[in-house]
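Q: My questions are about this predicted structure, shown below with the sequence.
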Amino acid sequence: MKRSFNPRKKPGWTGGLNLRTDLRAWRHAHKLSQGKAALKLQISIRTLQEWEQGRAVPRGIALVALRKLIRY
């Protein structure tokens, strides 16, 4: 039987909690509005809001880029 992939068991998985608080802290530390932060991240404001509120979690290359940007 083939095992299914569970991202929560993968080392380094954020589960969304730390990343969302770190993202918001990064934005406030740089005095960026959600609009300006979204422009800097090259994402929509809605996507940033979803990430900060924990309703969505960045995946793949977006997660890697975000971690590098906020030095996560």
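A: Cool, the structure landed.
Q: low-scoring stretches of this structure, by residue?
A: Residue ranges of the chain with pLDDT under 70: 1-17, 72.
Q: Which helix in it has the most residues?
A: Identified as the longest helix of the chain according to DSSP state H is helix 17-29.
Q: With just CA atoms, put that one into CSV.
A: What follows is helix 17-29, C-alpha atoms only, in CSV (Å, rounded to 0.1, in the frame of the first residue of the first chain):
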residue,chain,number,x,y,z
LEU,A,17,1.1,29.5,12.9
ASN,A,18,4.7,30.7,13.2
LEU,A,19,4.9,31.9,9.6
ARG,A,20,1.7,33.9,9.9
THR,A,21,2.9,35.7,13.0
ASP,A,22,6.4,36.2,11.6
LEU,A,23,5.0,37.6,8.4
ARG,A,24,2.9,40.1,10.3
ALA,A,25,5.8,41.0,12.5
TRP,A,26,8.1,41.5,9.5
ARG,A,27,5.5,43.7,7.9
HIS,A,28,5.1,45.9,11.0
ALA,A,29,8.9,46.0,11.6
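Q: after that helix comes which helix or strand?
A: Following helix 17-29 in sequence order, the next helix or strand is helix 34-41 (DSSP states H and E).
Q: The most centrally placed residue in the chain: what's it in contact with?
A: By CA atoms, centre = their mean, the chain has its centre lying nearest to P58, at 4.7 Å. By CB atoms under 8 Å, 6 or more residues apart in numbering, the residues touching P58 are 19, 51, 66. (C-beta placed from N, C-alpha, C; glycine too.)
Q: Repeat the analysis, applying 6 Å as the threshold.
A: L66 (CB atoms under 6 Å, 6 or more residues apart in numbering).
Q: Just the buried residues of the host helix or strand of L63, please?
A: Here L63 sits within helix 60-69, counting by DSSP H and E. Within helix 60-69, the residues that qualify as buried are 63, 66, counting by 16 or more other CB atoms under 10 Å.
Q: if we can go back for a sec, the longest helix of the chain versus helix 60-69: what angle between them?
A: Interaxial angle, helix 17-29 versus helix 60-69 (axes from the mean of the first three to the mean of the last three CA atoms, to 10 degrees): 50 degrees.
Q: Which residues belonging to helix 17-29 are considered buried?
A: 19-20, 22-24, 26-27.
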